Structures are given as structure tokens and as C-alpha cells.
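Asks: Quick check, what structure comes out for this input:
(one chain, ligands or ions: 1)
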Amino acid sequence: MFADMACQIEAARALTYQTCNLIDQSDPQKTYLSACCKLFATDVAMKVTTEALQIAGGYGYMTDFPFERMMRDAKITQIYEGTNQIQKIVIARELLR
Ligand SMILES: Cc1cc2nc3c(=O)[nH]c(=O)nc-3n(C[C@H](O)[C@H](O)[C@H](O)COP(=O)(O)OP(=O)(O)OC[C@H]3O[C@@H](n4cnc5c(N)ncnc54)[C@H](O)[C@@H]3O)c2cc1C
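Replies: The predicted structure is shown next:
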């Protein structure tokens with residue numbers, strides 16, 4: 001589980017840095033790439049924090065430890081700034097343009 005979490009975090013980070021680099025170069029695909037980043041990185045955040053809570057067992061669920069707060073913090077990233085369902089619409093629209 002830790003290996004899967006690490007790989008997904010690295011992939012999300014790489015996509016984000018790559019997109020930032022392309023935006024700096026005024027890449028015409030910036031809308032598409034930004035939506036891909038938002039969708040992928042926030043889904044990774046949700047998955048990784050859920051796994052982290054699971055690994056901690058009952059302690060993970062308790063408010064005495066930071067896991068549940070991290071999971072809630074990850075959840076809101078899937079909702080605000082355009083929900084991930086809307087990001088998928090943006091990505092599909094850019095692909096089919
Ligand atoms: C803590 C928090 C902070 C926020 N901060 C800000 C902020 O700083 N600035 C700001 O502007 N907004 C902010 N928001 C609002 C946030 O962007 C909205 O909650 C978000 O846009 C979703 O809108 P809604 O809540 O009206 O849900 P709705 O638009 O009613 O959507 C409900 C659900 O239906 C899905 N859905 C809607 N349309 C489609 C579709 N066509 N296809 C598939 N699924 C669809 C959505 O993905 C969502 O899961 C914040 C929200 C929260 C909870």
C-alpha cells in the first residue's frame with residue numbers, strides 16, 4: 001500500500017510540475033492539462049489519505065490523530081474549484097475539440 005501511495009503521489013507531482021512548466025511556456029493545451037492535473041492530483045490525494053487512515057486502523061478514524069482531517073481536506077479538493085466531474089467534462093471537451 002505504501003508503494004502504491006508513493007507511486008501515485010510521484011505521478012501526481014510530476015504531472016503538476018510538467019503542467020506548470022508548459023503553462024510558463026504559454027502552451028495552448030493549458031486548459032486541458034490543468035483539468036487533468038486537478039482531476040488526477042485530487043483523486044490521488046483522496047485515495048492516499050483514505051489508505052493512510054485504513055493503515056492506522058481505528059486510530060485513523062479518531063479525531064485525536066490527523067488522518068481523518070487529512071482525508072476531509074483531500075475530499076474538498078475534489079469538490080471546490082470545479083468538481084472533478086466538471087473537470088472530466090472540460091477534459092473531454094478539449095479532447096473532442
Ligand atoms: C469548503 C468549500 C470551499 C469553497 N470555496 C469556494 C471558493 O473559494 N470560491 C468559489 O467560487 N466556490 C467555492 N466553493 C463552491 C464550490 O466550488 C462548489 O461547491 C462547487 O462548484 C460545486 O457546486 P455546488 O455545490 O452548487 O454543487 P452542484 O453544482 O449542485 O453539483 C453537485 C454534484 O453534481 C455534480 N455535477 C454537476 N453538474 C454535473 C454534470 N454536468 N455532470 C456530472 N456531474 C455533475 C457535481 O460534480 C457535484 O458532485 C467552495 C465549496 C466548499 C464546500
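
Asks: Excluding sequence neighbours, find me the nearest residue to Q54.
Replies: Distance criterion C-beta to C-beta, 6 or more residues apart in numbering; nearest residue to Q54, sequence neighbours excluded, is G60 at 6.5 Å. The C-beta positions use only the backbone N, C-alpha and C, and glycine is treated the same way.

Asks: Likewise for F2?
Replies: Closest to F2 by C-beta to C-beta, 6+ apart is I55, at 8.0 Å.

Asks: Check that neighbour and give its pLDDT.
Replies: On the pLDDT scale, I55 is placed at 97.

Asks: and it, what are its phi and psi?
Replies: phi -60, psi -40 (degrees, to the nearest 10).

Asks: Around the ligand, which positions in this protein sit nearby?
Replies: Taking C-beta under 6 Å from any ligand atom as the measure of proximity, the chain contacts the ligand at I76, I79, Y80, T83, Q85, I86.

Asks: Helix or strand for the first one, just tell me which one.
Replies: To tie it back to what came earlier, the one meant is I76. Here I76 sits within helix 67-79, counting by DSSP states H and E.
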